[in-house]
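In: just a sequence and a predicted model for now, questions to come.
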2 protein chains.
Amino acid sequence: MDETDAWDASTLSVRAALRDAIGAGDGTDPRAAVATVVSVDGSAYRRPGAKRVLADERAVGAITAGCLEEPVADLAERALADGAVRETFDLTGEDDTWSFGLGCNGVIDVLVEPADGSFRPALDRVRTGGGRTDASRRLPDSQSDRTHAALLTVVGGDHPVSGGDGTVPVGARALVGEDGSVASADPRPPLPDDLLAAVRDRAAAFAAAGRSDTVTVETDRGTAAVFVDGLEPVPELLVFGHGGDVRPVARFARDAGFRVTVATSRGARADAERFPAAHDVVAARPPDVADAVSRPADTYAVLMSHNFVDDRLALDALLDCGVPYVGVMGPRKRFDQMREALADDGVELSDDELDRISTPVGLDLGGGEPAQIALSVVAEALAASNGRTGGRLTDTEGPIHSRPDRDADSD
Amino acid sequence: MDETDAWDASTLSVRAALRDAIGAGDGTDPRAAVATVVSVDGSAYRRPGAKRVLADERAVGAITAGCLEEPVADLAERALADGAVRETFDLTGEDDTWSFGLGCNGVIDVLVEPADGSFRPALDRVRTGGGRTDASRRLPDSQSDRTHAALLTVVGGDHPVSGGDGTVPVGARALVGEDGSVASADPRPPLPDDLLAAVRDRAAAFAAAGRSDTVTVETDRGTAAVFVDGLEPVPELLVFGHGGDVRPVARFARDAGFRVTVATSRGARADAERFPAAHDVVAARPPDVADAVSRPADTYAVLMSHNFVDDRLALDALLDCGVPYVGVMGPRKRFDQMREALADDGVELSDDELDRISTPVGLDLGGGEPAQIALSVVAEALAASNGRTGGRLTDTEGPIHSRPDRDADSD
């Protein structure tokens, strides 16, 4: 692993690398490959859907804890020459019998494919933003809410092609929207109609849930293993503020996989150089801050203008636009005052609105340095985006030493 | 704020900048200043002890949420010309009556001083490591446990000097160890003996607790305001592993203020270039990993070699050396197996040892990307270092909307 291996890249970065690899052409002469975990037996470092893009000059993304880079690089060359290939890596015997279920152990199925144009419609669907000058990302809600999709890829089985002459090859592909709509995925061979019909409802459900896994699909004519890759836009972190404390929040959030917009407040310039980690930097009057929100359901907002009136106006606007989470920096007492001020303006916060407000913002990590506060804020936003509350995993099933060893095998 | 303003630098970086500013000379001709929050009225972004080093070419550290940079820069020039100065910033009226207790509001006392040699003994005391070639950091435990100190600085009052002729000036200084030992702090004027005697016990307690605040000290001869700056080494994160997943852990941990050592496992080279965020990269056989621990009580360890036997041997060694926290990456079932294997070797983990083990490591943030896993790990280690357990701050005092508005003022 070296500087050309962005191993710990976020999903957003892996998608950007894939998009770059496909390039501006018609995608029929790919020069990069993409490896995807399509199924896992037991516990693994990465789950199905994890991707690694392998281009000549650079690899981006991780599919294991670091043990399959070399064989996957070999498979990439094969895929570029001969087309998509699925390989099973059974690593259970590599170490000793006690080593299982993590990283370099376990059974992992990997699909390695040319980074061809068949990915492009799916990438376009889940794309959000794409640069500070891209005004098109501000879609009306009705459009922006329809951004999920499932990319279906045949990874095994013996299902015949539509005419019945031969078996559907590994790599055959279709795109299914969360509403069940179907699109082709040129230049790949399509899924036969009966196979597609048999998996379509499940694919739509996977798309809606952002779930990825290999499913077995049976029709009257045969059986296929289909990898259903539910793709959804990455969550967005919207930071309202302009101070130095915004910088580490933007940095951690970008690293942690958020798309990051900084909305500068109180006349501060929307100076992209001040917040190099942000994907977008926009100037926003506090009541208009929701204009920076393109996908309310996937947007996690943090108010840190350190100005009471500005934060209050932005809070009102963001709650109205429907974001699921608004973190408000500052002590609880400050928010109590804010709530009173809103009441004086005739705005009574509903229980639903109060449930979406997090104040004091952040997880209880106890650190007082700017970067520690930022880590606490981003950790909470990440937990919120995944429906978690950020306690210790070791406590999730009770204290270790009081738990019966019901899972332990005998030696 | 620009590239020359490392506003969100960690305490470790601020101390390094202060050390650099003092330079290799005798520290009597300082060319940089250091600003320190010495007291705060109400809730503030930074607590007493927060520092900002102001050198010609670069400023490092934050003392507010970003509103006092300019006046503090002016004070730095004054301090370099005339010596230490304390200034009170009362910002409660800057905005409106609702804006209080955060960032650009509240009352903050700031001490601005020349970065002279008087800081050096205290910095030496709390220094840990200092580069990959510094072998001296591996002190015997008996020495390495005595690393706390309190730097005492007069910031006000009318206490007479020792001879009685004149008042003790702002900036008069002494160094007190956690054991009550006293050292001078040349080239600063010392604290009068009676004043020092009156504050010494409190200073030792502040040193032990790493606490910083301004205290009022009375003697028969007068009263002084003394800023007692309890300094302790920053916590150390020790990562045992060698894979790509170590990199984001090291990066987040360094950013979050840890001193970071990567101990590579299983024959991997101790290649500093592979882990650029680490302060130290060392090769360690698993049973010898504790050799990389210089201050067990302040070391938080994470085992992520992804090798069952290596992790088990390292776990045993680290528990033995007394670290308060060992995070073990992997599912709970893997740890149960590890515990069985230890039992087979005749090692029964005590309740105390089990309490120090965190597995699955990390806070429950729900993210599965490498950087998200790393964020979860570092957030837990930070929480552990502060005696916290994560969880949302907004939940710490019950749901917002069920809490009586007892703190809210009427308008």
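Out: Good, I have the coordinates. Only a predicted model underlies this, so the values are computations on that prediction, with no experimental measurement involved. Numbering: from 1, shown residues only, chains lettered A, B, ... in the order given.
In: just the helices from the stretch 1-150 of chain A, written as ranges.
Out: Using DSSP state H, counting those that start in this stretch, the helices found in the stretch 1-150 of chain A span residues A:11-22, A:69-82, A:120-126, A:141-144.
In: can you list the ones you listed in a markdown table and add mean neighbour count and mean pLDDT?
Out: The way it works is simple: take the backbone N, C-alpha and C, and place the C-beta from them, glycine included. Below are the helices of the stretch 1-150 of chain A laid out as a markdown table (neighbours: other C-beta atoms under 10 Å in any protein chain shown; pLDDT from 0 to 100):
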| stretch | mean neighbour count | mean pLDDT |
| --- | --- | --- |
| helix A:11-22 | 21 | 94 |
| helix A:69-82 | 16 | 92 |
| helix A:120-126 | 18 | 92 |
| helix A:141-144 | 12 | 40 |
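In: need these in a markdown table with distance to A:Ile63, can you?
Out: Output for the helices of the stretch 1-150 of chain A, formatted as a markdown table (distance: least, C-beta to C-beta, whole Å):
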| stretch | distance to A:Ile63 |
| --- | --- |
| helix A:11-22 | 10 |
| helix A:69-82 | 7 |
| helix A:120-126 | 18 |
| helix A:141-144 | 30 |
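In: how about the ones you listed, which one is nearest B:Arg86?
Out: helix A:11-22 (47.2 Å; C-beta to C-beta).
In: what packs against the closest one?
Out: strand A:51-54, strand A:59-60, helix A:120-126 (3 or more C-beta pairs under 8 Å, 6 or more residues apart in numbering or on different chains; DSSP states H and E).
In: touching the longest one from outside, list them.
Out: This points to helix A:120-126. When contacts are defined by C-beta atoms under 8 Å, 6 or more residues apart in numbering or on different chains, helix A:120-126 is touched by residues A:15, A:18-19, A:22, A:27, A:147-149, A:151, A:175, A:177, A:183, A:185, A:229, A:231-234.
In: could you redo the last one with a cut-off of 7 Å?
Out: A:15, A:18-19, A:22, A:27, A:147, A:149, A:151, A:175, A:183, A:185, A:231-233 (C-beta atoms under 7 Å, 6 or more residues apart in numbering or on different chains).
In: do the same with the second one
Out: Judged by C-beta under 7 Å, 6+ apart, the contacts made with strand A:59-60 from elsewhere in the structure are A:Thr4, A:Asp5, A:Ala6, A:Ala9, A:Ser13, A:Val14, A:Ala17, A:Arg52, A:Val53.
In: helix or strand for A:Glu348, which one?
Out: Of the helices and strands defined by DSSP states H and E, none includes A:Glu348.
In: could you tell me how many residues sit around it?
Out: Other residues near A:Glu348 number 9, with proximity taken as other C-beta atoms under 10 Å in any protein chain shown.
In: from chain B, how far off is the residue nearest to it when sequence neighbours are not counted?
Out: Closest residue to A:Glu348 apart from its sequence neighbours, by C-beta to C-beta, 6 or more residues apart in numbering or on different chains: A:Leu342 at 7.5 Å. In this structure, A:Leu342 and chain B are 11 Å apart, going by C-beta to the nearest C-beta, to the nearest Å.
In: same thing with A:Leu237?
Out: 13 Å.
In: before we move on, the earlier item: and the particular helix or strand that has the residue nearest to A:Glu348 in it, which residues are buried?
Out: Assigned by DSSP H and E, A:Leu342 belongs to helix A:332-344. Neighbour-count burial for helix A:332-344 flags A:Arg332, A:Lys333, A:Arg334, A:Phe335, A:Asp336, A:Gln337, A:Met338, A:Arg339, A:Glu340, A:Ala341, A:Leu342 (criterion: 16 or more other C-beta atoms under 10 Å in any protein chain shown).
In: can you name every helix or strand that it contacts?
Out: Applying 3 or more C-beta pairs under 7 Å, 6 or more residues apart in numbering or on different chains; DSSP states H and E, one finds that helix A:332-344 contacts helix A:308-321.
In: whichever helix or strand comes after the helix it packs on and chain B in contact?
Out: Downstream of helix A:308-321, the next assigned helix or strand under DSSP H and E is strand A:325-328. No - using C-beta under 7 Å from any C-beta of the partner chain, strand A:325-328 stays clear of chain B, with a minimum separation of 8.4 Å.
In: how far does strand A:325-328 sit from the chain's center?
Out: On the basis of C-alpha atoms, centre = their mean, to the nearest Å, strand A:325-328 sits 20 Å off its chain's mean C-alpha point.
In: and what of stretch A:9-28?
Out: From the chain centre to the centre of stretch A:9-28 is a distance of 15 Å (C-alpha atoms, centre = their mean).
In: CA atoms of it as CSV?
Out: Extracted as CSV, the C-alpha positions of stretch A:9-28 are listed here (Å, rounded to 0.1, in the frame of the first residue of the first chain):
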residue,chain,number,x,y,z
ALA,A,9,-11.5,6.1,0.6
SER,A,10,-15.1,6.8,1.4
THR,A,11,-17.9,5.5,-0.8
LEU,A,12,-18.2,9.0,-2.3
SER,A,13,-14.5,8.9,-3.3
VAL,A,14,-14.8,5.4,-4.6
ARG,A,15,-17.7,6.4,-6.8
ALA,A,16,-15.8,9.4,-8.0
ALA,A,17,-12.9,7.2,-8.9
LEU,A,18,-15.2,4.8,-10.7
ARG,A,19,-16.8,7.7,-12.6
ASP,A,20,-13.3,9.0,-13.6
ALA,A,21,-12.3,5.5,-14.6
ILE,A,22,-15.3,5.2,-17.0
GLY,A,23,-14.2,8.5,-18.4
ALA,A,24,-15.9,10.7,-20.9
GLY,A,25,-16.1,8.2,-23.7
ASP,A,26,-18.8,5.6,-24.4
GLY,A,27,-17.4,3.3,-21.7
THR,A,28,-16.9,0.4,-24.2
